[in-house]
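Visitor: Structure for this input, please:
(chains A and B)
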Amino acid sequence: MIEVEGLTVRYGGVTSLDAMSLVFEQGTCGLIGPNGAGKTTFFNVLSGFVRPAAGTVKAFGVDLLSMAHFRRARWGVRRTFQTEQAIEELSVFDNVAMVHEHSRLGGASRRQDVLDAIAFTGIDAAPEARVRTLGAGQRRLVEVARAVVGRPRLVLLDEPAAGLPDEETSHLADVIRRIPEHTGALAILVDHDMSLVSACCATTAVLDFGKLIASGPTAAVLRDDDVIRAYLGVA
Amino acid sequence: MRATLERASLKAAGRGQNRPRLAKAAITAVLLAFVLLGMPQLISLYYVDTMTQVAVYSMVTVALGVLVGRVGLAIGAWAAARLLFATTQPYPVILLEAGLITMVAGTAIGLPALRLRGLYLALITLMLAGAITVVLATVNFPNGGHGFTGYNGGLLHIPPIRRPSIAASDPAYFRYAVIVAMVMFALVLAHIKTRPGRAWAAIRQSEPAALAAGINTWLYKLWAFALASFITGVAGGVLAGSVHYLYSIDFPTQDSITLLAVVLMGGAYSLWGAVVAALLYQFLPSLLNNWGVSADWLVILFGLGVLQVLTTAPAGLADQVPRDLARLGRFLRGRLIKRRSTA
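Guide: So this is what the prediction gives:
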């Protein structure tokens, strides 16, 4: 469970997150909102790339904000990036192993854990294949495999389906849906593709201009008047 | 059943990938055997000397691939010369000490540079190269004198820097230098094929991705500085024995820029690239000199070479030449088959 309390982030005069308070219970939760709403900023706060001006984040009872950024990954915060960041020079296996060897898990189960994560995401390439030889969809899956290997506690997915064709998106949706059950982690999905969010997330929260404007069961949230207004700009 | 099939296909894929790897290892082994056993017999002493410098500079270029280069070489050569004059320790011990001293110095210099990257890091490196030239001009290399610097300007008979007793002659010292270079290459290989290599690859491409993978980027950058400094320090030690006499004018600042150019041309992130870079840096000038061609042509050649590599082959000649040769082979084979079928 992630408890966010009064989280505020400012970049100069811009308030990117404005006293955001929210609880993510379990499973896969959606986080949506128009461009610039503060979704990625929220992920960056959780990863430790951005220091908030105020507020607290408790992840499974642990004060996340007091941890150094690279230690958060070791503790179990994993993420993918809006612009995919699979390491081109390394093989699929090494990309995933890299996360495992910096986690709190020992080396004994490494090979098996890495192969399990690769199999779980259904990457259609040999583990020895270099990432630079893979297509966009496969590289996204490498990032997801990195996020689920070993024992993650919190998996943050930042627009994982951006730019992917429908077929690959539906495969990705299937993978994302199975993350909590497979890893026991809480997953948060940020995406603009509402069908993907509906397919993966039981609950969804909506941000607009850094403020939380709605949260609850996904179907109800997507029908919410405030949400429709934020997205379509209806007066 | 499906899992077994998957595993079988995985293994098959692994075997398929292993074949070129084995071929590469075999070629490397044959080449090394030739360099160590055959080459010193076949070439003149002039080129034995040149190839010793190639071995020394291949260590510097491989370290430059990891990070910084020539400053470490000068520090290493200085430390080794000082220790060689002051003690009777065996040569390998001196090399190790020169490496460690340079590692400490390089890491200390590296600490403030850790916050920089890209162009700024390159600028700092070149500035340091300039600074070390000034320091060397003041302190001078040890020449058998006393005191901390070991330099005595009034010395009439300067004793040569000693070599290991098993490698007193030029061909023997060449073999010694190649073996030390091989050990250093093995050290780099042991790094890049394992945990630090993966971490460095991640940091090079994307620091946020590295941090998100739990990599302590600060520590791994420092580690790279330490390793690069250690290797160039050892290279400096080998250089000291190779030339017998060290002078600060042999370390001009512009050499750092040339070194950077040849590393780019050879291929910054590959071990073969380091060898190609060292050949360009030491062998090519010797060759031109032997042919009576002015060394000024090299400046033009390296300038054009860097442009060529940056526009057509960012991974350097070590990547481009084999790839283009394979392409040429395919093209010629295609032409041959076509001609046969029309005939």
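Visitor: make it CA atoms for all contacts and neighbour counts henceforth
Guide: OK.
Visitor: In the stretch 101-250 of chain B, where is pLDDT below threshold?
Guide: Within the stretch 101-250 of chain B, the ranges that satisfy pLDDT under 70 run B:117-118.
Visitor: residue in it nearest to chain A?
Guide: Nearest residue of the stretch 101-250 of chain B to chain A: B:Gly214, at 4.3 Å (C-alpha to the nearest C-alpha).
Visitor: Hmm, that residue is touching A:Arg74, no?
Guide: Yes: when contacts are counted by C-alpha atoms under 8 Å, B:Gly214 is listed as touching A:Arg74 (5.3 Å).
Visitor: So A:Val9: helix, strand or coil?
Guide: Under DSSP: H, G, I helix; E, B strand; the rest coil, the three-state class of A:Val9 is strand.
Visitor: Was I right to think it contacts A:Thr56?
Guide: No: A:Val9 is beyond contact range of A:Thr56, at 11.5 Å (criterion: C-alpha under 8 Å).
Visitor: So for these two, which sits in the more crowded spot?
Guide: Taking other C-alpha atoms under 10 Å in any protein chain shown, A:Val9 and A:Thr56 do not tie; A:Val9 has more neighbours (23 against 18).
Visitor: check contacts around the more buried one.
Guide: Residues in contact with A:Val9 (C-alpha atoms under 8 Å, 6 or more residues apart in numbering or on different chains) are A:15-18, A:41, A:51-54.
Visitor: returning to that earlier point: more crowded one of B:Gly214 and A:Arg74?
Guide: Between B:Gly214 and A:Arg74, counting by other C-alpha under 10 Å, B:Gly214 is the more crowded of the two (28 against 23).
Visitor: quick one: secondary structure of the more buried one?
Guide: Relying on three-state DSSP, one would call B:Gly214 coil.
Visitor: backbone phi and psi for residue 59, please?
Guide: I went with chain A, as the question did not name one. phi -110, psi 110 (degrees, to the nearest 10).
Visitor: Close to chain A: what parts of the stretch 151-300 of chain B are there?
Guide: B:195, B:198-199, B:201-202, B:205-206, B:208-209, B:211-216 (C-alpha under 8 Å from any C-alpha of the partner chain).
Visitor: coming back round to it: out of the contacts of A:Val9, which comes closest to B:Val234?
Guide: Of all the contacts of A:Val9, A:Arg51 has the smallest distance to B:Val234: 43.0 Å, by C-alpha to C-alpha.
Visitor: ok, the residue nearest to the closest one when sequence neighbours are not counted - contacts?
Guide: Using C-alpha to C-alpha, 6 or more residues apart in numbering or on different chains and skipping residues adjacent in sequence, the residue nearest A:Arg51 is A:Val45, 6.2 Å away. Contacts of A:Val45 were listed using C-alpha under 8 Å, 6+ apart, and they are A:51-52, A:65.
Visitor: Please tell me which one of the residues of the stretch 151-300 of chain B next to chain A counts the most neighbours.
Guide: Within those, B:Ala213 tops the neighbour count with 33 neighbours, counted by other C-alpha under 10 Å.
Visitor: just checking, it touches A:His102?
Guide: Yes: using C-alpha under 8 Å, B:Ala213 is in contact with A:His102, at 7.1 Å.
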